[in-house]
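In: Okay, predicted coordinates and the sequence, questions at the end:
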Amino acid sequence: MFWPNFELSSNYSKVYITECMRETLQDHISKFLSQTPGVEVIMIDGENCQSNDEMLKEFAGKFSFPSYFGFNLDALNECLNDLEWIGAERYLLIINHFNKFLKDEPMVFQQFALILKDTIQEWNIGRCYGAQYDPPTQFDVIFHCENSLQSNVGRLKSSGISELTIIKNSFKTKGGSP
């Protein structure tokens, strides 16, 4: 069990959003990893991604993008749809402090959302490039915020991510009570 009354175990990649304290998120991720082998978790800190350049640097560092990464959205798209240097059985991208992620760059966020949507779709169906075939691989995304859940849901939906699952969480405060 990943979150109370929620299990991250489908065979189809999904986009999730949750509102909880960061420490609670980390506890749940640790429990999930102990029960689910072969998962590569990449945590992106939205506080470090308030501009396009900051976001690209954060992704390049956290995903260990190859040296040829071009630090632009096309290169981000290319690298997110490859990840051969990681070679995991499953990917879980977590964007912490989502309310700060590209907060002052709405057009860049819309482009990012489309890239992410396409990335999830491509990982779901698998990829065939000539003689190379990569089977379908689960690539889930969790957007994390500590407050303002509904406005963050609206931000995602208005950017084209309409298929979104809200992870209900009864552990919103540091003390553990709702």
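Out: Arrived safely. Please read these numbers as outputs of a predicted model, since none were measured by experiment. Numbers count the residues shown, from 1 in each chain.

In: buried residues in the one helix or strand E78 maps to?
Out: Assessed by DSSP states H and E, E78 sits inside helix 73-80. Neighbour counts over helix 73-80 (16 or more other C-beta atoms under 10 Å) mark 73, 75-80 as buried. (C-beta placed from N, C-alpha, C; glycine too.)

In: cool, and stretch 139-147?
Out: Buried residues in stretch 139-147, counted by 16+ other C-beta under 10 Å: 139-146.

In: ok so, going back, go ahead and name everything in contact with the helix holding E78.
Out: Helix 73-80 is contacted from outside by 52, 56, 59-60, 63, 65-66, 69, 108, 111-112, 115-116, 118-119, using C-beta atoms under 8 Å, 6 or more residues apart in numbering.

In: Tell me where the model's unsure across the protein.
Out: 1-13, 169-178 (pLDDT under 70).

In: Could I get the full set of strands for it?
Out: 15-19, 39-45, 90-96, 127-129, 132-134, 138-145, 165-167 (DSSP state E).

In: Among the ones you listed, show me which one is buried the most.
Out: strand 138-145 (a mean of 24; mean count of other C-beta atoms under 10 Å).

In: hang on, the earlier thing: to E84, which of the strands of the chain lies closest?
Out: Ranking the strands of the chain by proximity to E84 (C-beta to C-beta) places strand 132-134 first, at 8.3 Å.

In: who does that closest one pair up with?
Out: strand 127-129 (antiparallel) (DSSP bridges).

In: Mark which of the contacts of helix 73-80 are buried, thanks.
Out: 52, 56, 59-60, 63, 65, 69, 108, 111-112, 115-116, 119.

In: Now tabulate those in JSON lines and tack on distance to Q132.
Out: Formatted as JSON lines, the buried ones among the contacts of helix 73-80 follow (distance: C-beta to C-beta, whole Å):
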{"residue": "N52", "distance to Q132": "31"}
{"residue": "L56", "distance to Q132": "26"}
{"residue": "F59", "distance to Q132": "24"}
{"residue": "A60", "distance to Q132": "24"}
{"residue": "F63", "distance to Q132": "20"}
{"residue": "F65", "distance to Q132": "19"}
{"residue": "F69", "distance to Q132": "20"}
{"residue": "V108", "distance to Q132": "31"}
{"residue": "Q111", "distance to Q132": "27"}
{"residue": "F112", "distance to Q132": "27"}
{"residue": "I115", "distance to Q132": "22"}
{"residue": "L116", "distance to Q132": "23"}
{"residue": "T119", "distance to Q132": "18"}
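
In: Good, wrapping up.
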